[in-house]
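**Q** My questions are about this predicted structure, shown below with the sequence.
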Amino acid sequence: MDHSSLKRHLITAALPLALLTAGSAQADLDTVRFGVPPWPGVTVKSEVASQILEAMGYQTRQNELAVGVILNGLANDDLDVYLGGWYPIEQEMIDPLVADGKVDKVARNISNANSGLVVPEYVHEAGVDSVADLDRYKDRFDGEIQGIEAGTGINDAILAAIDKDAAGLGDWQLRESSTAAMLAYADQKISDKQWVTFVGWEPHWMNVSYDLYYLEDSDDSGVAQIESTVWTVVPAGLEAEDANLYRFLSQYQVAIEDQNDWVYEYSYEERPADEVASEWIRDHYETVAQWLDGVTTRDGKPAIEAVKAKLDS
C-alpha cells in the first residue's frame, strides 16, 4: 500500500455507479465484480482471487475505483467484493455501513500488518530497538526522520510526537517528501551502510528489498508499532445469495510475506498482475487448497482440482 495513495483515494470520486455495471443487483453471481483501488497489493490480491474464481466457473470483473465509490457500490449491490478494507484507516467509513446492515466484513485477509518508523537491521543490531533509542544516537541520524507526503496520517503523528517531545524527539526534524523520494533516499543510505530511520509499512516491496527492523514504540509516541488489519468487505446479502463464494472469501487469508512478494513483483519489478498471480498460484497449491477447503466449482466439483487443471494447462 502507498499511504499517499490511500489518503487521496479515500475521497469519493465523482463517478456514476451506473458505469460499473449495466444493471443493479444480479439474480445470481455469474459474474463477481471486484472494487479495486489503485494500490499494488489489492490489485494483485484481487487478480489472484479472480483467477481462482474463473477456474471455478465464474466470470470476474475488476473495477479500479476510489474507496468511497467502492463502498457505495457494495452498499447498493453494484459491486460484490472489496479486498482492501484497511483498518483502522477506513473504519469510520465501513463500520456505519455494517451497522446499517448494508455490508458485511467477511474475514481479515491480512492480519497484524505493521507500520511506523523502521531502521535497517544493521542499525538495530547496533542498539536501536525502540523510538526511545533514536535520540541516543541523534547525530548518527543527523536528527532527521524521513517521511512521506505532507498531510498523511503517519507524518502528522511524527509531527505531533516532535511537538510534544515524545521519546526525546522534540529537537528532531521530519523531512517530508514523496514515498518514492523517501525510498530512494533510504536506498542510498542503506547502500552506504549509513544510519537512517524512515516510515515503513506492510505489505510493501521495501520489506523484500531491504532487511528492516520495525521499531518498538516508546512514550506513547504513536509513530511505531501501528498495527493494521485488512478486511474483505461484501454486500450484506452475499452469503445467502452465494454461500459457496462466501465460503471461499471467508477463507481467503493472505500471509503478509506473500503479499510483500506480490507487491515487489508487480510494483518494483513491473511485471503484469495476471502473470504474478498465475505464477504464484501454480507454486502454492497447498495454500490455495486451504482457501478452497469445502469449496466447489459452480457445477459441484472440488474447486482445487479445477484450479490445478486450468493453471497447469
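**A** Perfect, I can see it now.
**Q** host element of residue 110?
**A** Assigned by DSSP states H and E, residue 110 falls within strand 103-120.
**Q** where does the residue nearest to residue 241 when sequence neighbours are not counted land in three-state SS?
**A** Distances taken as C-beta to C-beta, 6 or more residues apart in numbering put residue 29 closest to residue 241, at 6.4 Å, once the chain neighbours are dropped. C-beta here means a position set from N, CA and C on the backbone, and glycine is covered the same way. Here residue 29 is coil, with the state taken from DSSP: H, G, I helix; E, B strand; the rest coil.
**Q** who touches residue 29 in this structure?
**A** For residue 29, the contact set (C-beta atoms under 8 Å, 6 or more residues apart in numbering) comprises 58, 80, 241, 242, 245.
**Q** before we move on, what about residue 287?
**A** Listed by C-beta under 8 Å, 6+ apart, the contact set of residue 287 reads 255, 258.
**Q** Just after the helix or strand hosting it, pick out the following helix or strand.
**A** Using DSSP H and E, residue 287 sits in helix 285-291. Once the chain leaves helix 285-291, the next helix or strand it forms, by DSSP H and E, is helix 303-311.
**Q** Tell me how the protein divides into domains.
**A** Domain ranges of the chain: 3-112+229-311, 113-227, per automatic domain parsing.
**Q** For residue 283, give me the pLDDT.
**A** Reading off the confidence values, residue 283 has pLDDT 98.
**Q** Please report how far it lies from residue 83.
**A** According to C-beta to C-beta, to the nearest Å, residue 283 and residue 83 sit 21 Å apart.
**Q** Settle it for me: which of these two has more neighbours?
**A** Neighbours per residue, other C-beta atoms under 10 Å: of residue 283 and residue 83, the larger number sits with residue 83, 26 against 11.
**Q** ok, for that one, nearest residue in space, not its chain neighbours?
**A** Closest residue in space to residue 83, ignoring its immediate chain neighbours: residue 45 at 5.0 Å, by C-beta to C-beta, 6+ apart.
**Q** Worst mean pLDDT among the domains of the chain?
**A** domain 3-112+229-311 (a mean of 89).
**Q** how far does that one sit from the chain's center?
**A** Distance of domain 3-112+229-311 from the chain centroid (C-alpha atoms, centre = their mean, to the nearest Å) equals 12 Å.
**Q** picking up where we left off before, buried ones in whatever helix or strand comes next after the strand holding residue 110?
**A** Using DSSP H and E, the helix or strand that follows strand 103-120 in sequence is helix 121-125. Neighbour-count burial for helix 121-125, counted by 16 or more other C-beta atoms under 10 Å, picks out 123, 124.
**Q** Buried ones in stretch 137-151, by neighbour count?
**A** Neighbour counts using 16+ other C-beta under 10 Å place 141, 145, 146, 147, 148, 149 of stretch 137-151 among the buried residues.
**Q** and what of stretch 153-171?
**A** By neighbour count on 16+ other C-beta under 10 Å, the buried set for stretch 153-171 is 153, 154, 155, 157, 158, 159, 161, 162, 166, 167, 168, 169.
**Q** now do stretch 246-265
**A** Neighbour counts using 16+ other C-beta under 10 Å place 246-254, 256, 258-265 of stretch 246-265 among the buried residues.
**Q** Kindly report the same for stretch 97-105.
**A** Using 16+ other C-beta under 10 Å as the test for burial, stretch 97-105 gives 97, 102, 103, 104, 105.
**Q** ok, of those residues, which one's closest to residue 298?
**A** Set against residue 298, the nearest of the buried residues of stretch 97-105 by C-beta to C-beta is residue 104 (21.7 Å).
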